[in-house]
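Participant: Here's a sequence, model it:
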Amino acid sequence: MRSAAAPVCLSVLLAGACARPQGGPSRVAVAEAAGTVVSRAELDAYLEQNLAGAAVDPAGSTPALDRVKSRLLDNLLDEKILLAEADREGVEVTDEELDAWLEEAGGSLPGASAAEPEARAAARRELRIQKLREAYARAHAKVTEEDKEITALLIQYATPMAVAVLPRYINNNSEMQAASPA
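Facilitator: You can find the predicted model right below:
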């Protein structure tokens, strides 16, 4: 009896060992969407980075913190999926584009200096996603002539009387609405 149980126990132990992901618990997949996998280590690093300014322990747990972590996991998955699509579409960001984008943003990145390599890498990812979205919008947005309309018009009054009369005339005799700056 004992000799028959030993091989069974050994095979169960080996099967359990083979089923474990290589690299330990940090390599365990915590989420997968559209062929994109997020490991425990990636999620922990993302949570630490995004909860760094908050007065919370990233390893702690409260219902409110759990909701925030869940949303951050969603954000991480979205980012990974969009970056995979950017790779597929060949969307890249040059150093010049990145520098101009950072300068336009005032050279500041949340929680880091724009000179830090990690901060530049995060900014590059964000800009790649922005470029992907803009390219998609340009390719798929169709504006017809009937969709076009005037949304604002700046006029210069020729007489002081027009200041009082013209806005009232526009409001009463058209579908437009006149507004005068204070």
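Participant: Can you list the buried residues in the stretch of helix or strand Glu85 belongs to?
Facilitator: Per DSSP states H and E, Glu85 falls inside helix 63-89. In terms of neighbour count (16 or more other CB atoms under 10 Å), helix 63-89 has its buried residues at Leu65, Lys69, Leu72, Leu73, Leu76, Leu77, Glu79, Lys80, Leu82, Leu83, Glu85, Ala86. The way it works is simple: take the backbone N, C-alpha and C, and place the C-beta from them, glycine included.
Participant: who does that helix touch, helix- and strand-wise?
Facilitator: Here helix 63-89 touches strand 29-33, strand 36-39, helix 40-50, helix 117-140, going by 3 or more CB pairs under 8 Å, 6 or more residues apart in numbering; DSSP states H and E.
Participant: how about these, which one is nearest Ile170?
Facilitator: The closest of the helices and strands packed on helix 63-89 to Ile170 is helix 117-140. By CB to CB, the value is 32.9 Å.
Participant: check contacts around the residue nearest to the spatial centre of the chain.
Facilitator: Centroid-nearest residue in the chain, with CA atoms, centre = their mean: Glu79, separated by 5.4 Å. Contact analysis of Glu79 by CB atoms under 8 Å, 6 or more residues apart in numbering lists Arg125, Ile129.
Participant: any idea how far it is from Ala121?
Facilitator: According to CB to CB, to the nearest Å, Glu79 and Ala121 sit 12 Å apart.
Participant: Just the buried residues of stretch 32-41, please?
Facilitator: In stretch 32-41, counting by 16+ other CB under 10 Å, buried: Thr36, Val38, Ser39, Arg40.
Participant: And the residues you listed, which is closest to Ala137?
Facilitator: Nearest member of these to Ala137, counting by CB to CB, is Thr36, at 22.4 Å.
Participant: May I see the buried residues of stretch 88-105?
Facilitator: Buried, per 16+ other CB under 10 Å, within stretch 88-105: Val91, Val93, Leu98, Trp101, Leu102.
Participant: Can you name every helix or strand that the strand or helix carrying the fourth one contacts?
Facilitator: If I follow you right, that is Trp101. Using DSSP H and E, the element containing Trp101 is helix 95-104. Using 3+ CB pairs under 8 Å, 6+ apart, the elements in contact with helix 95-104 are helix 117-140.
Participant: Now find how far off-centre the helix it packs on is within its chain.
Facilitator: Centre-to-centre, helix 117-140 and its host chain are 9 Å apart (CA atoms, centre = their mean, to the nearest Å).
Participant: Check which helices and strands it is in contact with.
Facilitator: Secondary-structure packing of helix 117-140 (3+ CB pairs under 8 Å, 6+ apart): helix 63-89, helix 95-104, strand 108-109, strand 112-113.
Participant: and of the ones you listed, who's closest to Arg125?
Facilitator: Nearest of the helices and strands packed on helix 117-140 to Arg125, taken as CB to CB: helix 63-89 at 6.1 Å.
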